[in-house]
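Peer 1: Show me how the following folds:
(2 chains)
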2 protein chains.
Amino acid sequence: MVNRMNIALSLSYVGTQYHGWQVQKNGASIQETVTNAINKLLGCDTYLSGVGRTDAGVHARRYVANFKADCRIPLDRLPLALGAQLPEDIAVNGAVQVPDDFDARFDCTKKEYAYYVYPSKMRDPFLTDRAYRYSYPLDAERMQKGAQFFVGKHDFNAVRSVGTPVKSTVRTIFWCEVDQNNDGLIRIRVCGDGFLYNMVRAISGTLLYVGSGKFEPEDVARILESCDREEAGPTLPACGLFMNRLWYDHTPELDVFRLSE
Amino acid sequence: MVNRMNIALSLSYVGTQYHGWQVQKNGASIQETVTNAINKLLGCDTYLSGVGRTDAGVHARRYVANFKADCRIPLDRLPLALGAQLPEDIAVNGAVQVPDDFDARFDCTKKEYAYYVYPSKMRDPFLTDRAYRYSYPLDAERMQKGAQFFVGKHDFNAVRSVGTPVKSTVRTIFWCEVDQNNDGLIRIRVCGDGFLYNMVRAISGTLLYVGSGKFEPEDVARILESCDREEAGPTLPACGLFMNRLWYDHTPELDVFRLSE
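Peer 2: Okay, the predicted model is just below:
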């Protein structure tokens, strides 16, 4: 008797060596690597659905994906068993049964990305591929002021790249917070109900220009209103971007993952 | 006219891809990589003397090395110029002229190493090659208690590997401090006037056994007194070890490097 369960996984990964989440023709993806590990372990041929695409080089601290399979391994042992099949740069942190109609992408209610940048003429080898180095001074307090203009329901056309066609470029940003640690590393956290292609990297590039003095914090409002990509700052490199936290408000089964902490 | 200066460099590096500091026959070393960059940039054939050997896979947050050369590049521009010749996992953070008789190794008065370990059944991909994962719970407070027995002037024969012959196995440890951050990462910092081969890794392995309950904190005194390597805990892997801070008490020229901060 086949007993197909819908199983959600909590993943984390360093994206440097991968061509992003989604299966690609030209190189290894996270989706393909994890799918192969599942299929090998469970002897099945399942499809792994992820909370969203991440680009080549983007990292995830907390990522949720789900698949359906007849799983004869107790779910509390699945993370370790899958981990043994996976390379060191991908971890499975949890596995839990979810309702049959659960989908990691459509049931996610809020996502937070984090972008890391540090102002320095010298490289920090411990931050290579994990943060973007900017050669000029940055004022994190100015960046925090500018960030507040992204909060709310806006047309974000000015801070996205043209990719897959979308019905609407309106999204709601719940918060956009900038802080700096004792080592000078600046963190930009953006939480929203959804994101357009390259939106966090363009928001971060715009805040970079606020921090360096090229833009005033108040310019962010004008840039958004223009709906013109050329008015905003640059799209920063993928290496500084992390899928940071997730919320599944209607799926209490996922509370054990502590996704939003 | 040749004007040979003695130049000290402040370096940091991720050691994962290297066969340690010292020039090796079987693979790239940090010493060789930086020496080649200097010789290429300055058109010379110099020898780079480092504060100490680090093993394959060991990292350095602050490392000092010196060389003698006729340097026609202003010293404040040398770090960036050398950085351009170096791979992303090695950084030159500063360059300064030092007295002719300065030697990075012999003039160092105190060194602090840091060892990082995290207790978890699951890997953390962001800590791969930067910390040692231990599959069982660890009590950092017990480790801190045990660590205090290493402080002072002792024969450290019980916590070293046999390597290059040494005149004496007596060293002075100024402090040994264990703390744990909010993510559970445990840091062991050991500062001394000198270290025997694998000494920090064996001290860390002994404290690991204190943390897991295999040893009592007070056992550390007995283990040291035994002078018997088999009494102590294991030599932990290189990946968790960092050359962390340095002191050059009689070389005020190096104060600009902020080595001990």
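Peer 1: dump the residue contacts of residue A:231.
Peer 2: When contacts are counted by Cβ atoms under 8 Å, 6 or more residues apart in numbering or on different chains, residue A:231 touches A:158, A:222-223. Quick note: C-beta positions are derived from backbone N, CA and C, even for glycine.
Peer 1: And residue A:101, how close does it get to chain B?
Peer 2: In this view, residue A:101 and chain B are 28 Å apart by Cβ to the nearest Cβ, to the nearest Å.
Peer 1: looking at this, that residue is in a helix?
Peer 2: No. Residue A:101: not assigned to a helix; according to DSSP: H, G, I helix; E, B strand; the rest coil it is coil.
Peer 1: now it, nearest residue through space, not along the chain?
Peer 2: Spatial nearest neighbour of residue A:101, chain neighbours left out: residue A:6 (8.0 Å); criterion: Cβ to Cβ, 6 or more residues apart in numbering or on different chains.
Peer 1: ok now do the one you found, which residues does it touch?
Peer 2: Residue A:6 makes contacts with A:66-68, A:97-102, as judged by Cβ under 8 Å, 6+ apart.
Peer 1: for those, which one is nearest residue A:88?
Peer 2: Of all the contacts of residue A:6, residue A:67 has the smallest distance to residue A:88: 22.2 Å, by Cβ to Cβ.
Peer 1: How many residues are close by the closest one?
Peer 2: Neighbour count of residue A:67, defined by other Cβ atoms under 10 Å in any protein chain shown: 23.
Peer 1: I figured it was touching residue A:49, is that so?
Peer 2: Yes. Counting by Cβ atoms under 8 Å, residue A:67 sits close enough to residue A:49 to count as a contact (7.0 Å).
Peer 1: tell me which parts of the stretch 1-150 of chain A are close to chain B?
Peer 2: Within reach of chain B by Cβ under 8 Å from any Cβ of the partner chain, the stretch 1-150 of chain A has these residues: A:12-14, A:59, A:61, A:79-80, A:83, A:88-93, A:121-126, A:128-130.
Peer 1: change it to 10 Å
Peer 2: Residues of the stretch 1-150 of chain A that fall close to chain B, judged by Cβ under 10 Å from any Cβ of the partner chain: A:10-15, A:59-61, A:79-80, A:83, A:86-94, A:120-130, A:135.
Peer 1: Give me the subset of those lying in strands.
Peer 2: The subset of the residues of the stretch 1-150 of chain A next to chain B located in strands under the criterion DSSP state E comprises A:10-13, A:59-61, A:90-94.
Peer 1: Save these as a markdown table, and put in neighbour count and pLDDT too.
Peer 2: Formatted as a markdown table, the entries for those read as follows, by neighbours: other Cβ atoms under 10 Å in any protein chain shown; pLDDT from 0 to 100:
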| residue | neighbour count | pLDDT |
| --- | --- | --- |
| A:10 | 23 | 97 |
| A:11 | 27 | 97 |
| A:12 | 21 | 97 |
| A:13 | 26 | 97 |
| A:59 | 26 | 97 |
| A:60 | 27 | 97 |
| A:61 | 20 | 96 |
| A:90 | 24 | 97 |
| A:91 | 24 | 97 |
| A:92 | 25 | 97 |
| A:93 | 20 | 96 |
| A:94 | 20 | 96 |
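Peer 1: Parallel or antiparallel, list what pairs with the helix or strand hosting residue A:176.
Peer 2: Under DSSP states H and E, the secondary-structure element containing residue A:176 is strand A:170-180. Paired strands of strand A:170-180, with direction, are strand A:152-155 (antiparallel), strand A:186-192 (antiparallel) (DSSP bridges).
Peer 1: Which of those has the highest mean neighbour count?
Peer 2: Sort the strands paired with strand A:170-180 by mean neighbour count, taking mean count of other Cβ atoms under 10 Å in any protein chain shown, and strand A:186-192 sits at the top with a mean of 23.
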